[in-house]
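after the sequence you'll find the predicted model.
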There are 2 protein chains.
Amino acid sequence: MEHKTLLKELEKDIAAINQALVANLHTHVPFIAQVGQHILLSGGKRVRPLLFLLAARLSGCRGNNLADFSTIFEYLHAATLLHDDVVDAAPVRRGASTANTIWGNQAVILVGDFLLAKALALAVTTDKLRVLKILAHTTTMMAEGEILQLLHAGNLNLTEEQYFEVITRKTAVLMSAACQIGAVLGGVPEPLEEALTKFGLNLGITFQVVDDILDFVGNEQQLGKPVINDLREGRVTLPLIHAFSQAAADDRRRLQEMATNLQPEMVGEIRRLLTKYGSLAYARDRARHYNLLAQENLQSFPESPEKRFFQAITSELLERTS
Amino acid sequence: MEHKTLLKELEKDIAAINQALVANLHTHVPFIAQVGQHILLSGGKRVRPLLFLLAARLSGCRGNNLADFSTIFEYLHAATLLHDDVVDAAPVRRGASTANTIWGNQAVILVGDFLLAKALALAVTTDKLRVLKILAHTTTMMAEGEILQLLHAGNLNLTEEQYFEVITRKTAVLMSAACQIGAVLGGVPEPLEEALTKFGLNLGITFQVVDDILDFVGNEQQLGKPVINDLREGRVTLPLIHAFSQAAADDRRRLQEMATNLQPEMVGEIRRLLTKYGSLAYARDRARHYNLLAQENLQSFPESPEKRFFQAITSELLERTS
């Protein structure tokens, strides 16, 4: 399925999600809605709500409040972004000023807390304690992932294992929860719920590895933020971890030097070194591995439009880096 | 009941709460436990867990996991304190350095998120969706209250109504939720649940008004933070609101002047003006009003040790300011 066809077919769902995102933000304090809408409506591909929607439908759930429930995952994601931007003191996201730059850290921390509480309140309306249980576990893991990432900031000795632990917790568990909760609402048998849970997890890992590759190879306009921004904010990611382990002593020293004192003019040299040691190809290969696992997780499901969407999203992810 | 007798009789419960606070903090990331214990074990009177414990027992709940459930309210409270201290850039709380001073804002925001997630995870173990519903509503109101407080920072025109709205949301709803959830676990009839909910709310309002009075009349050692700290952090509270409304033009001007540029040597003059216009007495009177309402909310319950504790806590609160 072509990217454009995919988006076209999901257009109605995305519109319903966007509408629900605004509608469910109702609050006693108009300022909250203002900050909330800034982060929620400044782009974003609605990946998490769509994963939920598709997983729910793939699991036979036909409720007409799915768009409302889907906002749980975008609110949680937005809360994380708001707290992240404060943590990173980030000035720009998706090509726009970050909320903390406009309204200050204090307001942004508290609006993040509000979005978390709203997500919880919406989850309660599913009337299923298991949904809350999954979300409690997920948010705990996410907080741990964010803290691990912070503790590892600037750590040039980060291992591949530690890297995957961080990205699993900070990114993949929420996508996994979106899929699992879709399955729970559809009431599918346990093996299918488990398959969807794993699908979300593997897709999430692919998603983050791809994002981390793009941080090196993308351009500023496409990324909506400076190139090699991760390293600038202390995040050592897979391509660099690979390069550190493979590079000859002098190249490794040079990479470490640039990593600890990154300047805009070093971008070309870093890219050359990553290419020289096959580090971008290696990261693409790892992404492909998790992508294949995600495809496999879909095997037990009969053919359906939702399965085709899932397959299309999955393979499209990989194409972003090539 | 004397303060010492009260504490003596609740000693076992407080010990059980403290043990549960550490035990339930288990995490994959030792650093989180370290920061969490700093905020959780640096004093604090365990008011919220005790309110829950007593409400649950008063409602006939005799489960032996009450201490575990009680930590929900202390974790939520601690999460708020952590985010608050970042918002206020506060250097000292309870006479000790704040977590943000030691570990930086970033870590503290994320550990706050972790504690919130943990509270949610513990709430799920009650197996009651209503508990989650109450908590979702409570945390939403709390976030709104914190944001309102931030929006009102430095606003010398704050009305008494706005003041009560803020303190109800930022303080009273959590105490109310602790009592209500105790009642829910005990399974009492609705009117009794409502009575306990209102009791917690009225007690919470009393608690905050008393705290705001103490901020003016206490001494640094007793408060564990500088005197008139609220104003220093932009919070205009009841005694000052009253004084602004009652003072003669020149005194009002002088108060406004001091409020916008508070210096340590002004403490005596502010206290004198608050006394001159009966503003401390007025605030005490409002606290007494809510305190009486709280006492009334207990009337439908038969005599019991728990009811006596509640009555003792309630009347002791007022004595702190006289």
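Arrived safely.

tell me where the stretch 51-200 of chain A has strands.
Shown for the stretch 51-200 of chain A, the strands assigned by DSSP state E, counting those that start in this stretch span residues A:92-93, A:96-97.

those strands into CSV, with extra columns for mean neighbour count, distance to A:Leu115 and mean pLDDT?
C-beta here means a position set from N, CA and C on the backbone, and glycine is covered the same way. Listed next are those as CSV, based on neighbours: other CB atoms under 10 Å in any protein chain shown; distance: least, CB to CB, whole Å; pLDDT from 0 to 100:
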stretch, mean neighbour count, distance to A:Leu115, mean pLDDT
strand A:92-93, 20, 15, 69
strand A:96-97, 14, 18, 75
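
chain B is nearest to which of those strands?
Chain B lies closest to strand A:92-93 among the strands of the stretch 51-200 of chain A, at 16.6 Å (CB to the nearest CB).

which positions in the stretch 101-250 of chain A make contact with chain B?
Counting by CB under 8 Å from any CB of the partner chain, the stretch 101-250 of chain A comes close to chain B at A:105-107, A:109-111, A:113-114, A:116-118, A:120-121, A:123-124, A:127-129, A:132-133, A:135-137, A:139-140, A:142-144, A:146-148, A:150-151.

please pick the buried ones from those residues.
Among these, those scoring as buried are A:105-107, A:109-111, A:113-114, A:116-118, A:120-121, A:123-124, A:128-129, A:132-133, A:135-137, A:139-140, A:142-144, A:146-148, A:150-151 (criterion: 16 or more other CB atoms under 10 Å in any protein chain shown).

what would the strands of the stretch 51-200 of chain A look like in JSON lines with distance to B:Ala287?
What follows is those, written out as JSON lines (distance: least, CB to CB, whole Å):
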{"stretch": "strand A:92-93", "distance to B:Ala287": "45"}
{"stretch": "strand A:96-97", "distance to B:Ala287": "44"}
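
so which of the residues of the stretch 101-250 of chain A next to chain B belong to helices?
The helices, defined by DSSP state H, take in A:105-107, A:109-111, A:113-114, A:116-118, A:120-121, A:123-124, A:129, A:132-133, A:135-137, A:139-140, A:142-144, A:146-148, A:150-151 from these.

which residue ranges of the stretch 201-322 of chain A form helices?
A:220-223, A:229-232, A:238-246, A:249-260, A:267-276, A:279-297, A:305-319 (DSSP state H, counting those that start in this stretch).

flag every buried residue along the fifth one.
Spelled out, that is helix A:267-276. Across helix A:267-276, burial judged by 16+ other CB under 10 Å covers A:270-271, A:273-274.

check the residues you listed and tell me the two furthest apart.
Pairwise distances across the buried residues of helix A:267-276 (CB to CB) peak at 7.4 Å, for the pair A:Arg271 and A:Leu273.

turn the buried residues of helix A:267-276 into a markdown table, columns for pLDDT and distance to B:Asn229.
Below are the buried residues of helix A:267-276 laid out as a markdown table (pLDDT from 0 to 100; distance: CB to CB, whole Å):
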| residue | pLDDT | distance to B:Asn229 |
| --- | --- | --- |
| A:Ile270 | 95 | 48 |
| A:Arg271 | 95 | 52 |
| A:Leu273 | 97 | 53 |
| A:Leu274 | 97 | 52 |
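
coming back round to it: right, and the strands of the stretch 51-200 of chain A - which one's nearest A:Asn261?
Closest approach to A:Asn261 among the strands of the stretch 51-200 of chain A (CB to CB): strand A:92-93, 21.1 Å.

state the distance from A:Gln37 to chain B.
Distance, A:Gln37 to chain B, using CB to the nearest CB, to the nearest Å: 15 Å.

right, and that residue touches A:Thr27 too?
No. Here A:Gln37 does not reach A:Thr27: they are 11.1 Å apart, not a contact under CB atoms under 8 Å.

of those two, which one has the most company?
More neighbours surround A:Thr27 than the other of A:Gln37 and A:Thr27, with 18 against 13 (other CB atoms under 10 Å in any protein chain shown).
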